[in-house]
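Novice: I need the structure of the sequence given here:
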Amino acid sequence: MPSAASSPPAQMLWPLFFVLLWSTGFIGARFGLPYAPPLTFLAIRYALVVALMLPAALLTRAAWPKTPAAMAHVAVSGLLMHGVYLGGVFTAIGLGLPSGITALVVGMQPLLTALCAGALLGERVRPAQWGGLLLGFAGVVLVVQSKLLAVPPDQAIGMMLPALIALAGITAGTLYQKRFCPSFDLRTGAVVQFIPCLIATAAVAAVTEPLTVQWTGAFVFALGWLVLVLSLGAVTLLNLLIRRGGAVNVASLFYLTPASTALLAWALFDETLSPLALTGMAIAAAGVWLARR
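Specialist: As a prediction, this is how the structure comes out:
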């Protein structure tokens, strides 16, 4: 990255940029999923990321993981953080689960990460951090509470199961990467992480989906946005944050994505923001501040 973007003042803005960029993933899914099945959409996205990053890594002579074990660790972390997580999120939204509810389910990641961080990483979660994590989750619930009634009770389990799988994937992936491969070249790392995602997602899509795509302007825009802004921009920031900070500190940022997504939906789709949702945003922000102190 350019030295200006890596300077200490700029690094203080990385969490903010990450939250803003990551939140647009739910909006991108909403734009693109009407025109392609979820796993087919993701397989095309992964293929484009590899097609962009492999030449870039080769031309810049970026360092590859030094051993087969190191490469395997990077690949597994990518499969969990991107393949399982995104596959679950896109499938849930494709089944009709509102993006706000999807964000709420995967928003439980900070609590799960805190529960596992001590045993797996040796990180000590302070009482103030626990208070911040619980406060943040309460804020997330308030942000999306108006959408909870949008899920038909008889379809709730089927819709939410992929989101729960996504939650397990992003939590396990964050912990795994922090434990086994906290530092790697971001150019070659993107290739190593997204190739297994492409293989696994395409294989599942081939047997579960019709593989039909309507190449409309909205789909092309959503695909380009998710490839360039999410898979390259936001994922790069996520890797840098995992490298620099504790797993709980990084995970706490995911509490801000439902609020950011709700603001984007209000701006783009004229969705309403109730006073309760605005209160929840403030509470979630306070919880993240307390957890990251």
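Novice: how far does the helix or strand encompassing residue 224 sit from its chain's centre?
Specialist: Following DSSP states H and E, the helix or strand that holds residue 224 is helix 217-225. From the chain centre to the centre of helix 217-225 is a distance of 18 Å (Cα atoms, centre = their mean, to the nearest Å).
Novice: need the contact partners of that helix.
Specialist: 24, 28-29, 31-32, 34-36, 41, 44-45, 48, 213 (Cβ atoms under 8 Å, 6 or more residues apart in numbering). In short, each C-beta sits where N, CA and C put it, glycine included.
Novice: hmm, try it at 7 Å
Specialist: 24, 28, 31-32, 35-36, 44-45 (Cβ atoms under 7 Å, 6 or more residues apart in numbering).
Novice: so where's the chain shaky on pLDDT?
Specialist: Scanning the chain for pLDDT under 70 picks out 1-11, 118-122, 145-151, 154, 156, 245-248, 269-273, 292-293.
Novice: show me where it has strands.
Specialist: Under the criterion DSSP state E, the chain carries no strands.
Novice: which helix of it spans the most residues?
Specialist: Determined from DSSP state H, the single longest helix within the chain is helix 156-180.
Novice: which strands or helices does it pack on?
Specialist: If contacts are counted by 3 or more Cβ pairs under 7 Å, 6 or more residues apart in numbering; DSSP states H and E, helix 156-180 sits against helix 68-78, helix 85-94, helix 99-106, helix 109-121, helix 235-244, helix 247-252.
Novice: out of those helices, flag the one nearest residue 278.
Specialist: Of all these, helix 99-106 sits nearest to residue 278, with 14.1 Å by Cβ to Cβ.
Novice: quick one, the closest one and helix 85-94 angle?
Specialist: Here the directions of helix 99-106 and helix 85-94 differ by 140 degrees (axes from the mean of the first three to the mean of the last three Cα atoms, to 10 degrees).
Novice: could I get helix 99-106 in PDB with only the CA atoms?
Specialist: As requested, the backbone C-alpha atoms of helix 99-106 are provided in PDB (Å, rounded to 0.1, in the frame of the first residue of the first chain):
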ATOM      1  CA  SER A  99     -30.300  -8.100   4.800                       C
ATOM      2  CA  GLY A 100     -30.800  -6.500   8.200                       C
ATOM      3  CA  ILE A 101     -31.600  -9.900   9.800                       C
ATOM      4  CA  THR A 102     -28.700 -11.400   8.000                       C
ATOM      5  CA  ALA A 103     -26.500  -8.700   9.400                       C
ATOM      6  CA  LEU A 104     -27.900  -9.400  12.900                       C
ATOM      7  CA  VAL A 105     -27.200 -13.100  12.800                       C
ATOM      8  CA  VAL A 106     -23.600 -12.700  11.600                       C
END
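Novice: identify the residues contacting that helix?
Specialist: Residues outside helix 99-106 that contact it (Cβ under 7 Å, 6+ apart) are 26, 30, 89, 92-93, 140-141, 144, 147-148, 151, 160, 163-164, 166-167, 170, 254, 257-258, 261-262.
Novice: put the buried members of these into a PyMOL selection.
Specialist: Typed into PyMOL, the line below selects the buried ones among the contacts of helix 99-106, using 16 or more other Cβ atoms under 10 Å:
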select buried, resi 26+30+89+92+93+140+141+144+147+151+160+163+166+167+170+254+257+258+261+262
